[in-house]
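K.L.:
all I have is the shape, not the residue letters:
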């Protein structure tokens, strides 16, 4: 078996402890790492944890399960894929954060890996994926931790949730959101939709949506499906005013029926505010514009899902 070892590194203008904390909390990963779609913490016992990761590799969505060992004193996080995604046979490595004085640090990302059947083509594919993702992740980590440490992100990144109460069962509301291939027929603001699900529970969704001003925007997202409780997603083709858009549809059964919610987390693209909203527009204007646009679509979708589920219950 051929085992390859590779290392990537970057210097970050923030204290090592701040970098470690961002890496240690996997709930941050879809926000800070472009390839990461969603992460679930399956188990956590002391310094050990088991996580499941959905991410893209060379543009293809994959998912795998890893075990991590957290060492806050040593500023290290070791990881080993427990159930790799083909063509990977084994994959592991270490995050190492080294202090460079009080306000800077070096982040080293080590990987070791092998391919199923030692296939040379697969080894090359894995090498390219590791290099692309590692370079992307380190650059994103640097940008996010430096911005967070400088307290610049609070007004640029924000979250909100829209919720409806449904007199119907969670499965029917879930089905409406899950069956996105039917949205062009079911939702007035959706013009064209394409849904692929080569791996059960991992969807690629591309759609053209109509804004209130009549303009049409194309977006592409990856969705991770947890029947019949949750659909998590990350948008990878974004409108001009956003650099990040992640979210979750959640469906919770209650004594009265179902609580259905649409949660969004957004980061604004400040470079495009003047071009899109005018020279006098502020960050607050952009927040309001994006919030209104996303919330309008979410509420419309939830309203149609509510009507669908309640018609099934009657």
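P.N.:
Structure's in. What do you need? Only a predicted model underlies this, so the values are computations on that prediction, with no experimental measurement involved.
K.L.:
quick one: the helices in this protein, in order.
P.N.:
16-24, 29-32, 120-149, 170-178, 183-186, 273-277, 283-313 (DSSP state H).
K.L.:
now mean neighbour count too, for those helices, in TSV please.
P.N.:
For glycine as for every other residue, the C-beta is placed from the backbone atoms N, C-alpha and C. Listed next are these as TSV, based on neighbours: other CB atoms under 10 Å:
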stretch	mean neighbour count
helix 16-24	19
helix 29-32	21
helix 120-149	17
helix 170-178	22
helix 183-186	15
helix 273-277	15
helix 283-313	17
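K.L.:
and those as TSV, adding mean pLDDT and distance to residue 66?
P.N.:
Formatted as TSV, the helices of the chain follow (pLDDT from 0 to 100; distance: least, CB to CB, whole Å):
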stretch	mean pLDDT	distance to residue 66
helix 16-24	93	13
helix 29-32	90	12
helix 120-149	91	14
helix 170-178	97	26
helix 183-186	95	33
helix 273-277	95	38
helix 283-313	95	32
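K.L.:
distance to residue 254 for those - can I get that in JSON lines?
P.N.:
Shown next, in JSON lines, are those (distance: least, CB to CB, whole Å):
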{"stretch": "helix 16-24", "distance to residue 254": "34"}
{"stretch": "helix 29-32", "distance to residue 254": "28"}
{"stretch": "helix 120-149", "distance to residue 254": "36"}
{"stretch": "helix 170-178", "distance to residue 254": "9"}
{"stretch": "helix 183-186", "distance to residue 254": "24"}
{"stretch": "helix 273-277", "distance to residue 254": "40"}
{"stretch": "helix 283-313", "distance to residue 254": "13"}
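K.L.:
nearest to residue 5, out of those?
P.N.:
helix 120-149 (10.5 Å; CB to CB).
K.L.:
now the angle from the closest one to helix 16-24?
P.N.:
Going by axes from the mean of the first three to the mean of the last three CA atoms, to 10 degrees, helix 120-149 is angled at 130 degrees with respect to helix 16-24.
K.L.:
does anything pack onto helix 120-149? Which helices or strands?
P.N.:
Counting contacts by 3 or more CB pairs under 8 Å, 6 or more residues apart in numbering; DSSP states H and E, helix 120-149 packs against strand 4-12, helix 16-24, helix 29-32, strand 48-57, strand 105-115.
K.L.:
buried residues, the fourth one. List them.
P.N.:
Within strand 48-57, the residues scored as buried using 16 or more other CB atoms under 10 Å are 49, 51-57.
K.L.:
now the longest one
P.N.:
Buried residues in strand 105-115, counted by 16+ other CB under 10 Å: 105, 107-111, 113-115.
K.L.:
about what we covered before: residue 240 is nearest to which of the helices and strands packed on helix 120-149?
P.N.:
helix 29-32 (19.4 Å).
K.L.:
ok, residues contacting that closest one?
P.N.:
Outside helix 29-32, the residues that touch it by CB atoms under 8 Å, 6 or more residues apart in numbering are 22, 36-39, 53, 140-141, 144-145, 157, 234, 244, 246, 265, 267.
K.L.:
of these, closest to residue 89?
P.N.:
Out of the contacts of helix 29-32, the member with the shortest distance to residue 89 (by CB to CB) is residue 53, at 17.3 Å.
K.L.:
tell me the pLDDT of the closest residue to the closest one other than its chain neighbours.
P.N.:
Of all residues not flanking residue 53 in the chain, residue 39 sits nearest, at 5.3 Å (CB to CB, 6 or more residues apart in numbering). With respect to pLDDT, residue 39 has a value of 96.
K.L.:
in this structure residue 39 contacts residue 26, no?
P.N.:
Yes: taking CB atoms under 8 Å as the contact criterion, residue 39 and residue 26 are neighbours in contact, 4.4 Å apart.
K.L.:
shared neighbours, those two?
P.N.:
The contact sets of residue 39 and residue 26 overlap at 51, 53 (CB under 8 Å, 6+ apart).
K.L.:
could you dump the helices and strands packed on helix 120-149 to a markdown table with distance to residue 227?
P.N.:
Formatted as a markdown table, the helices and strands packed on helix 120-149 follow (distance: least, CB to CB, whole Å):
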| stretch | distance to residue 227 |
| --- | --- |
| strand 4-12 | 37 |
| helix 16-24 | 30 |
| helix 29-32 | 20 |
| strand 48-57 | 15 |
| strand 105-115 | 32 |
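K.L.:
right, and these - which one's nearest residue 127?
P.N.:
Per CB to CB, nearest to residue 127 of the helices and strands packed on helix 120-149: strand 4-12, 6.6 Å.
K.L.:
mind listing what's buried in that closest one?
P.N.:
In strand 4-12, counting by 16+ other CB under 10 Å, buried: 8, 10, 12.
K.L.:
same question, stretch 159-167
P.N.:
160, 162, 164, 166.
K.L.:
the second one touches residue 259, doesn't it?
P.N.:
What that stands for is residue 162. No: using CB under 8 Å, residue 162 is not in contact with residue 259, being 11.6 Å away.
K.L.:
all set now, cheers.
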